[in-house]
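Below are the sequence and a predicted model for it; my questions follow.
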Amino acid sequence: MSSAFIPLIRFAILFAFIAILLIGGFQVWNKTLNVGTYSFLVFITQRLLWPLTTLGHVLDDFQRSLASINRVVDLIDTPIEIKDGNKKIDLKTINGEIIFKNIFFNYLGRKSTISGINFKVPAKTTIGIVGLTGSGKSTLIKLLLRIYDTNEGTISIDGIPIKDIKLKELRKCISLVSQETYLFHGTVKENIAYGSSNSSFKDILKASKIAEAHKFIEQLPDGYKTIVGERGQRLSGGQRQRIALARAVLKDAPILILDEATASVDNETEVLIQKSLSKITKERTTIVIAHRLSTIKNADNIIVMDKGKIIESGKHDFLLNNKNVYSDLWNVQVGI
Ligand SMILES: Nc1ncnc2c1ncn2[C@@H]1O[C@H](COP(=O)(O)OP(=O)(O)OP(=O)(O)O)[C@@H](O)[C@H]1O
Ligand SMILES: [Mg+2]
């Protein structure tokens with residue numbers, strides 16, 4: 001409508017202008033109209049009608065604002081289904097023991113995604129989660145962060161059910177490198193510091209060195225001040241991942257979750273990252289989800305998931321001897 005509006009008005013102006021020229025001209029010819037009045041009329045139509053075209057822009061802006069307001073109001077009106085807890089936890093004293101007890105969950109309108117999951121991650125240990133795509137690994141993480149709530153069962157941190165913990169505090173104690181990296185339009189430095197706003201540049205440098213990101217960041221045209229573009233589109237997938245990793249390392253939370261955090265980097269860089277991460281993971285509870293089994297080989301415990309259930313668990317060597325799904329996956333990956 002807005003694109004039709006302005007040409008229409010212009011057309012009307014032209015029409016009125018020609019009408020005044022012709023009819024007025026004719027009347028001047030017949031001496032029924034003064035020449036002075038005639039020229040005034042010609043002039044005034046221009047003055048009067050041209051501003052009408054701006055009305056088109058006003059109408060356009062109005063419709064746009066209306067649509068935006070509707071969207072904002074819709075969002076505000078959406079009920080928050082996740083109820084906030086009221087327990088505070090102290091980031092400094094938290095141990096980071098995580099227990100998933102009898103968890104059942106399904107997404108709205110989907111059949112059950114997690115059905116009866118039980119496991120414990122003792123404080124300051126590393127657990128690896130493997131399983132076919134779509135088996136519910138990332139869903140477990142979403143449940144732990146309370147992006148969704150479980151249908152049944154309780155997840156607890158240090159014995160406190162997460163439903164009782166203040167959401168903000170819960171999320172403060174978890175560093176997550178999610179499967180999809182979220183970078184924002186801004187500099188590399190801002191993207192790493194997102195989540196730990198009062199960190200110094202020295203800390204940022206340290207974190208990016210641990211995440212093996214320092215070298216490539218230095219080679220970018222403006223180093224740490226390079227703009228990464230909308231969603232980090234001016235970086236490669238592996239570079240984005242390492243920035244996300246540096247962000248999580250910088251946050252320095254007692255629980256670290258890596259969901260396919262090194263899936264897009266080459267094997268050599270991954271080994272380097274693992275080496276530098278090993279110091280950090282010793283001091284905190286770590287959950288590592290990976291398709292590349294070499295990533296989780298050294299975990300204190302590994303669980304293998306299939307269709308929302310745990311089908312095997314144990315250390316790497318134990319699972320290899322078990323000659324089940326894990327050892328099959330391993331054999332495929334090492335090429336036996
Ligand atoms: N937001 C959602 N709404 C509905 N269904 C979902 C949603 N997210 C995931 N699912 C479904 O839940 C199942 C488990 O998904 P999930 O992301 O946990 O898998 P995953 O084990 O992490 O897989 P991958 O290894 O590919 O990352 C899938 O079948 C998926 O289709
Ligand atoms: Mg996943």
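Nice, thanks for sending it over. Ligands and ions are numbered 1, 2, ... in the order given.

tell me the SS of the closest residue to Ser2 other than its chain neighbours?
In space, Ser2 comes closest to Asp60 once its chain neighbours are excluded; the distance is 4.1 Å by CB to CB, 6 or more residues apart in numbering. Using the backbone N, CA and C atoms, a C-beta is placed for each residue, glycine as well. Reducing the assignment at Asp60 to three states with DSSP: H, G, I helix; E, B strand; the rest coil gives helix.

quick one: what helix or strand has the closest residue to ligand 2 within the stretch 51-200 of the chain in it?
As assessed by CB to the ion, ligand 2 sits closest to Ser138 within the stretch 51-200 of the chain, at 3.1 Å. In this structure, Ser138 is located in helix 137-144 according to DSSP states H and E.

Keeping just the C-alphas, turn the helix or strand that comes right after that helix into PDB.
Remark: after helix 137-144, the chain's next helix or strand is strand 152-157, criterion DSSP H and E. Listed next in PDB are the C-alpha coordinates belonging to strand 152-157 (Å, rounded to 0.1, in the frame of the first residue of the first chain):
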ATOM      1  CA  GLU A 152       9.500 -35.800  36.200                       C
ATOM      2  CA  GLY A 153      12.600 -36.200  38.300                       C
ATOM      3  CA  THR A 154      15.000 -33.700  39.900                       C
ATOM      4  CA  ILE A 155      18.300 -32.300  38.900                       C
ATOM      5  CA  SER A 156      20.400 -31.000  41.800                       C
ATOM      6  CA  ILE A 157      23.600 -29.200  42.200                       C
END
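
Paired strands for strand 152-157, with orientation please.
Each strand that pairs with strand 152-157, with its direction, by DSSP bridges: strand 98-105 (antiparallel), strand 160-161 (antiparallel).

can you list contacts of it?
Strand 152-157 has contacts (CB atoms under 8 Å, 6 or more residues apart in numbering) with 89, 94, 96-105, 117, 143-144, 161-163, 165, 170, 173, 255.

Just the buried ones from those, in PyMOL syntax?
Buried residues within the contacts of strand 152-157, by 16 or more other CB atoms under 10 Å, are selected in PyMOL with:
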select buried, resi 89+94+96+97+98+99+100+103+105+117+143+144+162+163+165+170+173+255
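
Those residues of the stretch 151-300 of the chain touching ligand 2, which are they?
Residues of the stretch 151-300 of the chain lying close to ligand 2 (CB under 5 Å from the ion) are Gln179.

and if we set it to 8 Å?
Proximity of the stretch 151-300 of the chain to ligand 2 is confined to Gln179, Asp259, Glu260, Ile289 under the rule CB under 8 Å from the ion.

Return the closest of these with respect to ligand 1.
Taking CB to the nearest ligand atom as the measure, Gln179 is the one of these closest to ligand 1, at 5.5 Å.

Would you agree that closest one is in contact with Thr139?
No - in this structure Gln179 lies outside contact range of Thr139 using CB atoms under 8 Å: 11.2 Å.

neighbour-wise, which of those two wins?
Thr139 (21 against 15; other CB atoms under 10 Å).

Output the helix holding Ser138 as CSV, nothing but the C-alphas.
Backbone C-alpha positions of helix 137-144 (Å, rounded to 0.1, in the frame of the first residue of the first chain) are rendered in CSV as follows:
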residue,chain,number,x,y,z
LYS,A,137,22.4,-35.0,24.8
SER,A,138,21.9,-31.2,24.3
THR,A,139,18.5,-31.6,25.8
LEU,A,140,20.1,-32.7,29.1
ILE,A,141,22.1,-29.5,29.1
LYS,A,142,19.0,-27.4,28.4
LEU,A,143,17.3,-29.1,31.4
LEU,A,144,20.3,-28.4,33.6
